[in-house]
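Asker: Sequence and predicted structure below; questions after.
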Amino acid sequence: FQDESGATSCKGCTAGHYCAEGSSAPLPCRAGSYSDATNLTSDSECTICPVGHACAAGSIGPSPCAAGSHAPAEGMDSCDLCSAGYYQVQTGQARCAKCQPGRLCP
């Protein structure tokens, strides 16, 4: 990309972004995807976020879901909180577990 008028060469595209031909600025990988590579030329080169993780727009890597949340599908841009009656004590999980009978899971 090139954001300075009169420049004679292009700048390299940064991680978490792609630079289509003729770009004047890096464009972020869409929400639900990421890239730790540089010099991507298309959004299709960004990697889909894996289950159990979330990727905001422009992410350079997937972020594992915190305890108490999950991401059940690829390509999620945020983690879902566990529903009432379900829990999750680990990070980076695809689903929450159902509470045991006689246990309280708010």
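Answerer: Received, thanks. Numbering: from 1, shown residues only.
Asker: Tell me where this structure has helices.
Answerer: Ranges of helices within the chain: none, based on DSSP state H.
Asker: any weak-confidence spans in it?
Answerer: Applying pLDDT under 70 to the chain flags the ranges 1-2, 7, 106.
Asker: where do the strands sit along it?
Answerer: 17-18, 27-28, 33-34, 47-48, 53-54, 63-64, 69-70, 80-81, 86-87, 97-98 (DSSP state E).
Asker: mind putting the ones you listed in TSV, distance to Thr8 and mean neighbour count included?
Answerer: All C-beta spots, glycine's among them, are computed from the backbone N, C-alpha and C. Listed next are the strands of the chain as TSV, based on distance: least, C-beta to C-beta, whole Å; neighbours: other C-beta atoms under 10 Å:
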stretch	distance to Thr8	mean neighbour count
strand 17-18	22	23
strand 27-28	23	18
strand 33-34	32	26
strand 47-48	33	16
strand 53-54	40	22
strand 63-64	39	16
strand 69-70	49	22
strand 80-81	49	14
strand 86-87	58	16
strand 97-98	59	14
